[in-house]
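Student: requesting a structural model of the entry that follows:
(chains A and B)
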Amino acid sequence: MTTKIKITINDLEVEIDQGTSILNAARDIGVIIPTLCYHKDLCVAGNCRVCVVELVGQKKLSAACATPCEEGMNILTNSFKVRNSRKHIIELLLSEHNADCTRCYKNGNCELQKLASDFKIMTQDFIRLVPFKNYTIDHFSPSIIKDDSKCIRCQRCVRTCEEIQGVNALTVAYKGDQMKISTFFEKPMNDVICTNCGQCINHCPTGALVEKNYIEEVWDAIADKSCHVVIQTAPAVRVGLGEEMGLEPGTRVTGKMVAALRRLGFDAVLDTDFSADLTIIEEGSELMVRLKKVLVDHDSDIKLPMATSCSPGWIKYIEHMYPDCLGHLSTCKSPQQMFGALAKTYYAKVRNLKPEKIVSVSVMPCTAKKFEANRPEMHDSGYRDVDYVLTTRELAIMIKQAGIDFQKLIDEPFDRLMGESTGAGVIFGATGGVMEAALRTVYELVTGREIPFDNLNVTPVRGMDGVKECSIRIENPLEEWEFLEGVELKCAVAHGLINAKKVMDRIVSGTSEYHFVEFMACPGGCLGGGGQPIPTSPEIRQKRAEAIYAEDQGMPLRKSHLNPEILKIYADFLSKPLGEKSHQLLHTQYIRRERF
Amino acid sequence: MAPTYQLKRLDFIFKNENDWKEILVGKINLPPQELINELISSELKGRGGAGFPTGLKWKLTSEEKEAVKYVICNADEGEPGTFKDREILSKVPLKVLTSMAICGYVIGSKEGYIYLRGEYFFLQHELNKAIEEFVAYCRKINFEFTIRIFMGSGAYICGEETALFESMEGKRGEPRNKPPFPSVSGYMGKPTVINNVETLAHTYTIFEYGAKRFYDLGVQYSRGSKLFSVSGDTPKPGIYELELGMSLVDFVDEFGDGDTKAVQVGGASGFLVPRKRFSETTIGFQGKLTGISLPTGGSMMLFNSSRSMYNVLDNYLEFFREESCGQCTPCRVGCQQLLNGIKAVKRGEKTAGYLEKLLRLAETMQFTAKCGLGQSVANSFSSIVENFREEMIY
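Tutor: Predicted coordinates for the structure are as follows:
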């Protein structure tokens, strides 16, 4: 039971729970206090000072985000003193900021710009500090560009990297006027432990951290008539893209997105959900082989639990942090890379195209996918498997550039051939989705019966808890899987690398009993990915998740192994799961990396 | 001729520490409440500069119900112009250690730390010897209390108590949001008493001679004596123990070189007092009836007429620009703007009227900065610019 206290905000008396911050108390009654360093996903820093308010009777102002309300507090959020101070602080930030707004990637979606616009800062009283500083732009990473001249030192990225991801690639260096956000020994982002997850981009209020965009390259490819440009769309994009187009979070825009992509000029609009279904078949088979080797053959070289390998941020994380645990990873490529390898082999063959003339583009909710596509081993088709990776945000920019009135588009379906998918592929976009999809298939293949959950919804692995667990007892399996009789299949799901760390530490210490674990680098899974629309918050991610599950519910097929295109590709091309061709195209290996 | 010895000099702090064992044993056999009451009645205020009542600090921490608490001695003496703490630690370290142990007894803490300024590494050896002797004695009398030295790395901001905790925890020395205050959540999130070296030396005096003796010194709101680090244009720089509440006129009469133009009270984060205000200024904590009373952590810098106050301010601002931790906007950017601003005015790139804008900015820094560093930049800035405006421009 929380104690209620009485406070006064701008002469309005309110009763609130003790311990509520002034900021939240004010927001509850419709009083907006501007913020910059505050973010719902992160701990309170109180360092930008934009949110200062006056407590009557006190000379000094208080940061609304960092000050808990106390009984009898008399708070003014718009007094003479507050207004002047706030204006000063915004002016100071602008004097230190490379306010080259028209040429900024974040133009139109910048919190500092919005603040400057709201307060109509028309004067330049203070001396511009940017030209005096030796700023460099770090564009060595294939995923992330870091521009210190646009940084306002709110440390949201630092807190994100530490609290959500537990990576600490970004940290604060130097002090005073030299203070900046930097990396280990000030190395470029591609030389440090950065997982390219892009959460720092999602949480950056300005243009200091943005994705490396490949928009022009993709336009060039589209314009080149000798090229056949295929685009694959990840499941989480269809529940995020609408936000960039002025729709409410959680709006499903699958059909509109497909229509828009056609209008942009892509030669084929295909679906990563197809290769997600394929991933389930390959990964599910791998799991069962592993279980057999451990339970029947007692092969000590085989590692359990098996960990999913769909999330390239997670892959780079484990390569850095747990290089001795790489044996736990499924050898399956991510759906994006499976798709890429097949686009220039299977697809080229069926469509009778020269693979060297195919440009394979993907649109992903993710920045780490850019890094993944860039990995040297991802050339199994004989070419670079995925040529360009766009984020949801980049796609939105292209749609706007092309002058498409997105909301008026009429829904269109994906192209056939690697365009068909099931609900199991769709839920890859949410945390727990890979696990749920795998369980739907594995359980049925082993027992011949549907998974014993109401309407196929494996609810224990859904939701936003950091680590989720689920166990299913296998009874009366088919003859081939008799060794699984009575086995309690123990699974876990972790999202956000800080939660992945918790599970990994259990695995390393030998206290985990899991057989199969799904790891996703980003909070909420791909729907909260680093390439998704900004802003992000727990509420927005929740809405996107609801949209994903609604999409699944609406699909005629909801189990990967029933996808007719999957059946066809095994019959025509791959022959069997974990077969030779699969190994060549759909599986990969990992490398050990240093821990910094 | 004016008398050469106007101010009452005292000799409590540097008086020998021979009786520390009796004091320790005597005090840890008294009820903690009695010791707290004694400190409160002495009206001792923190000698680091901020002036929080020491007895109240101990009382608040003792009331917290936590198994683990800490006593920390803040020896990160970084304010420009202060050099008293190192003298205390090298001459009478056992007084400080004894006070820490008694504090530990009062609040229920078994661990004490001395956060020693990075530049004072040369004190470490002797101080460790004193700690060894002290801890051995504690063990002998079955009193459980350990003291360790934690070496700072030279950042000014780490003298701010919450930044100091961060530094001790192995993190970057950045001040925390308050509340919570250290008495509730300090080092490692545990209730912590953090006192300046000199404060602990004074508590020893109070435990030795009683609160009354201490209270009788000084004036209302500013009781007791205080060490002053006198530097600048003075024929007799050094450390002096004087009564609080003295008038700046008397101070300058005694320590000035006959041509004193201004005195900076409280180091770079303190106030500059020009000659015309010497007579109305006293040294001590601000109270309801005191008139202009300026607190100081001990730094008293005298400037004679050969000094350019522009250079003095330039020097202070450069110091703050570099020593700000950089996390909060008003302090990080404000310090740069103030420094660049006075330079621009001096060079004629900005008009003299720009100084008014800078004064308002300094005021904003005072209202909005996250910690004492940024809040106190306005002290020296405004007092120098307002009193020596012409020197800033021409």
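
Student: give me the number of residues near residue 373?
Tutor: If you meant another chain, say so; for now it's chain A. 26 (other Cβ atoms under 10 Å in any protein chain shown). The C-beta positions use only the backbone N, C-alpha and C, and glycine is treated the same way.

Student: chain B is the one I meant
Tutor: By other Cβ under 10 Å, 24 other residues sit near B:Leu373.

Student: that one and B:Cys328, how far apart?
Tutor: B:Leu373 sits 9 Å away from B:Cys328, taking Cβ to Cβ, to the nearest Å as the criterion.

Student: ok, B:Arg176 next?
Tutor: Taken as Cβ to Cβ, the span from B:Arg176 to B:Cys328 is 12 Å.

Student: tell me, what's touching these two both at once?
Tutor: Residues touching both B:Arg176 and B:Cys328 (Cβ atoms under 8 Å, 6 or more residues apart in numbering or on different chains): none.

Student: which residue does the stretch 201-350 of chain A have closest to chain B?
Tutor: Of all residues in the stretch 201-350 of chain A, A:Pro205 sits closest to chain B, at 12.6 Å by Cβ to the nearest Cβ.

Student: neighbour count for B:Arg176 and B:Cys328, which is higher?
Tutor: B:Cys328 (28 against 21).

Student: list phi and psi for the residue nearest to B:Asp257 when sequence neighbours are not counted.
Tutor: Closest residue to B:Asp257 apart from its sequence neighbours, by Cβ to Cβ, 6 or more residues apart in numbering or on different chains: B:Asp233 at 5.2 Å. Backbone torsions of B:Asp233, given as degrees, to the nearest 10, read phi -80, psi 80.

Student: how about B:Asp233, what does it touch?
Tutor: Taking Cβ under 8 Å, 6+ apart, one finds B:256-257, B:259-260, B:302-304, B:306-307 in contact with B:Asp233.

Student: 7 Å - rerun?
Tutor: B:257, B:260, B:302-304 (Cβ atoms under 7 Å, 6 or more residues apart in numbering or on different chains).

Student: could you give the residue of the stretch 51-200 of chain B that lies closest to chain A?
Tutor: B:Asn177 (3.9 Å).

Student: wait, is that residue part of a strand?
Tutor: No: checked against DSSP: H, G, I helix; E, B strand; the rest coil, B:Asn177 lies outside a strand; its state is coil.

Student: ok, now how distant is it from B:Lys171?
Tutor: For B:Asn177 relative to B:Lys171 (Cβ to Cβ), the value is 15 Å.

Student: now stretch A:14-33: buried residues?
Tutor: A:14, A:16, A:20-26, A:31, A:33 (16 or more other Cβ atoms under 10 Å in any protein chain shown).

Student: ditto for stretch B:315-331
Tutor: Applying 16+ other Cβ under 10 Å to stretch B:315-331 flags B:316-317, B:319-331 as buried.

Student: list the contacts of it.
Tutor: A:47-49, A:89, A:92-93, A:153, A:155, A:175-177, A:179, B:80, B:155-157, B:163, B:173-175, B:268, B:332, B:335-336, B:338-339, B:364-365, B:368-370, B:373-374, B:377, B:380.

Student: quick check: mean pLDDT of it?
Tutor: For stretch B:315-331, the mean pLDDT works out to 97.

Student: quick one on the thing from earlier: looking at the buried residues of stretch B:315-331, which is nearest A:Lys114?
Tutor: Closest approach between the buried residues of stretch B:315-331 and A:Lys114, by Cβ to Cβ: B:Thr329, at 16.5 Å.

Student: gap between the closest one and A:Ile193?
Tutor: On the measure of Cβ to Cβ, B:Thr329 and A:Ile193 end up 29 Å apart.

Student: so which of the buried residues of stretch A:14-33 sit within strands?
Tutor: Judged by DSSP state E, the subset of the buried residues of stretch A:14-33 located in strands is A:14, A:16.

Student: OK, contacts around A:Ile410?
Tutor: Contacts of A:Ile410 (Cβ under 7 Å, 6+ apart): A:Ala259.

Student: can we see that at 8 Å?
Tutor: Counting by Cβ under 8 Å, 6+ apart, the residues that A:Ile410 touches are A:255-256, A:259.

Student: tell me where the model's unsure across the chain.
Tutor: Let's take chain A. A:1 (pLDDT under 70).

Student: looking at chain B here, not the other one
Tutor: B:1-6, B:287-291.

Student: grab the most central residue of it for me.
Tutor: Taking Cα atoms, centre = their mean, the centroid of chain B lies closest to B:Gly48, which sits 1.9 Å from it.

Student: do you know how far that one is from B:Ser269?
Tutor: Distance from B:Gly48 to B:Ser269, by Cβ to Cβ: 11 Å.

Student: correct me, but A:Pro34 touches A:Val53?
Tutor: No: A:Pro34 lies out of contact with A:Val53 (Cβ atoms under 8 Å); the separation is 10.8 Å.

Student: neighbour-wise, which of these two wins?
Tutor: A:Val53 (27 against 20).

Student: the more buried one should be in a strand, yeah?
Tutor: Yes: assessed by three-state DSSP, A:Val53 belongs to a strand.

Student: what about it, distance to A:Met364?
Tutor: A:Val53 is 41 Å from A:Met364, where distance means Cβ to Cβ.

Student: repeat for B:Thr98
Tutor: For B:Thr98, the distance to A:Met364 (Cβ to Cβ) stands at 65 Å.

Student: which of these two has more neighbours?
Tutor: Per other Cβ under 10 Å, whichever of B:Thr98 and A:Met364 has more neighbours is A:Met364, with 33 against 27.

Student: what about the residue nearest to the more buried one when sequence neighbours are not counted, neighbour count?
Tutor: In this structure, A:Met364 finds its nearest non-sequential neighbour in A:Ala234, 4.7 Å apart by Cβ to Cβ, 6+ apart. Neighbour count of A:Ala234, defined by other Cβ under 10 Å: 31.

Student: just A:Tyr135 next, same as before
Tutor: The burial count for A:Tyr135: 14, using other Cβ under 10 Å.

Student: grab the nearest non-local neighbour of it.
Tutor: Nearest to A:Tyr135 is A:Ser149, by Cβ to Cβ, 6+ apart, at 4.0 Å.

Student: can you classify the one you found by secondary structure?
Tutor: A:Ser149, by the three-state scheme (three-state DSSP), is helix.

Student: surely it and A:Val130 touch.
Tutor: Yes: with contact defined as Cβ under 8 Å, A:Ser149 counts as touching A:Val130 (5.6 Å).

Student: now do the shared contacts for the two.
Tutor: A:97-98.

Student: okay, and B:Ile206 sits in which element?
Tutor: helix B:197-209 (DSSP states H and E).

Student: now swap in B:Val230 and tell me
Tutor: Using DSSP H and E, B:Val230 falls in strand B:225-232.

Student: hmm, who's touching that strand?
Tutor: Here strand B:225-232 has contacts from B:10, B:12-13, B:47, B:81-84, B:87-88, B:198, B:202, B:214, B:217-218, B:236-244, B:255, B:264, B:283, B:296, B:298-303, using Cβ under 8 Å, 6+ apart.

Student: quick one: the next helix or strand after that strand to helix B:197-209, angle?
Tutor: With elements assigned by DSSP H and E, the helix or strand that comes after strand B:225-232 is strand B:238-243. Orientation of strand B:238-243 against helix B:197-209 (axes from the mean of the first three to the mean of the last three Cα atoms, to 10 degrees) gives an angle of 50 degrees.

Student: which helix is the longest one in chain B?
Tutor: In chain B, assigned by DSSP state H, the helix with the most residues is helix B:329-347.

Student: up against chain A, what does the stretch 201-350 of chain B have?
Tutor: Neighbours of chain A within the stretch 201-350 of chain B, by Cβ under 8 Å from any Cβ of the partner chain: B:320-330, B:332-337, B:340-341, B:344.

Student: before we move on, the earlier item: can you pick the most crowded of the contacts of A:Ile410?
Tutor: A:Lys256 (24 neighbours).

Student: no further questions, thank you.
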